[in-house]
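Student: Sequence and predicted structure are below.
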Amino acid sequence: MLPNLTLEPKQPADSCVIWLHGLGADGHDFAPVVPELNLPVSLATRFIFPHAPEIPVTINGGMVMPAWYDILEMQLERKIDIEQLNSSADEIVKIINQQIDLGIPAERIIVAGFSQGGAVAYQVALSFPEALGGLLALSTYFATEKTIRKHPANQNIPILIMHGSHDDIVPESLGTKAKIHLTGLNYKVDYVSYPMPHSVCLEQIKQIGKWFQNCLKIG
């Protein structure tokens, strides 16, 4: 199992968010966001922030750093190591299955990811064989749209794509491309753009908190 940072709710968890960081970061990157989400205590959501393995990254001169997969070329349509991405996705699936074994229903598990982590999140959520609670894709791209074996169990998964209009690392065109592709396949996609670079902003975090509540509400 991947090492991770886990934040437990004040009462026994009945839902879970698995949140994947971007290239060169680690699971601590998004932990400070949790209090800013303003989730009600009654939601009882466990947050799991996995740490990516440290591997050489070609576009960074082969420097070893936390990465979900190698990026071989940094053109608009990124050339990446799909096998490594799928391997990372398999590790996240293990975490999902662990949470299910601990009593969290699959439909109360949300997979979220930023940048590289978002590419893995797409692969995980859309191929998982049980209906999940949601897919949050932040400043990212659908790297495996041509190779993924989508599972019908998640045809109706709520999908929220968020992107910065000033993103010079992952251009917003890649976010809109994913939205158009998924909408064309009859997925339910919400898309929000913010005037920001390759990052997150407070307004966005507040909106994510509301979306989490909507995805995980009971009744």
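Tutor: Structure received. Numbering: from 1, shown residues only.
Student: and residue 85, that one's in a helix?
Tutor: Yes - Residue 85 sits within a helix when classified using DSSP: H, G, I helix; E, B strand; the rest coil.
Student: Might one say that it is in contact with residue 71?
Tutor: No - using C-beta atoms under 8 Å, residue 85 is not in contact with residue 71, being 10.1 Å away. In this view, the C-beta of every residue, glycine as well, is placed from N, C-alpha and C.
Student: name the helices or strands packed onto the helix or strand containing residue 214?
Tutor: Following DSSP states H and E, one finds residue 214 within helix 202-216. Packed against helix 202-216 by the contact rule (3 or more C-beta pairs under 8 Å, 6 or more residues apart in numbering; DSSP states H and E) you find strand 109-114, strand 134-138, strand 159-164, strand 189-194.
Student: And these: which comes nearest residue 58?
Tutor: Among those, the nearest to residue 58 by C-beta to C-beta is strand 109-114 (20.6 Å).
Student: for the record, mean pLDDT for that closest one?
Tutor: The average pLDDT for strand 109-114 rounds to 98.
Student: How about stretch 88-97?
Tutor: Rounded mean pLDDT across stretch 88-97 is 98.
Student: Show me which positions of it end up buried.
Tutor: Of all the residues in stretch 88-97, those buried under the rule 16 or more other C-beta atoms under 10 Å are 88-89, 91-93, 95-96.
Student: now swap in stretch 32-50 and tell me
Tutor: The neighbour-count check on stretch 32-50 (16+ other C-beta under 10 Å) flags 33-34, 37, 39, 43-50 as buried.
Student: next one: stretch 111-129
Tutor: For stretch 111-129, by 16+ other C-beta under 10 Å, it's 111-128.
Student: Helices of this protein, start to end?
Tutor: Along the chain, counting by DSSP state H, helices occupy 82-101, 116-127, 172-184, 202-216.
Student: Go through those helices and name the closest to residue 157.
Tutor: The nearest among the helices of the chain, by C-beta to C-beta, is helix 116-127 at 6.1 Å.
Student: pLDDT value on residue 78, please?
Tutor: 78.
Student: Just confirm it contacts residue 141, I think it does.
Tutor: Yes - assessed by C-beta under 8 Å, residue 78 is found in contact with residue 141 at 7.0 Å.
Student: quick one, which of the two is more surrounded?
Tutor: residue 141 (24 against 16; other C-beta atoms under 10 Å).
Student: How about that one: what's its closest non-neighbour residue?
Tutor: Distances taken as C-beta to C-beta, 6 or more residues apart in numbering place residue 174 nearest to residue 141, at 3.8 Å, with adjacent residues excluded.
Student: Residue 6 too?
Tutor: Per C-beta to C-beta, 6+ apart, closest to residue 6 is residue 48, 5.2 Å.
Student: ditto for residue 15
Tutor: Using C-beta to C-beta, 6+ apart, the nearest residue to residue 15 is residue 108, at 4.0 Å.
Student: Count the neighbours of that neighbour for me.
Tutor: If you count neighbours by other C-beta under 10 Å, residue 108 ends up with 22.
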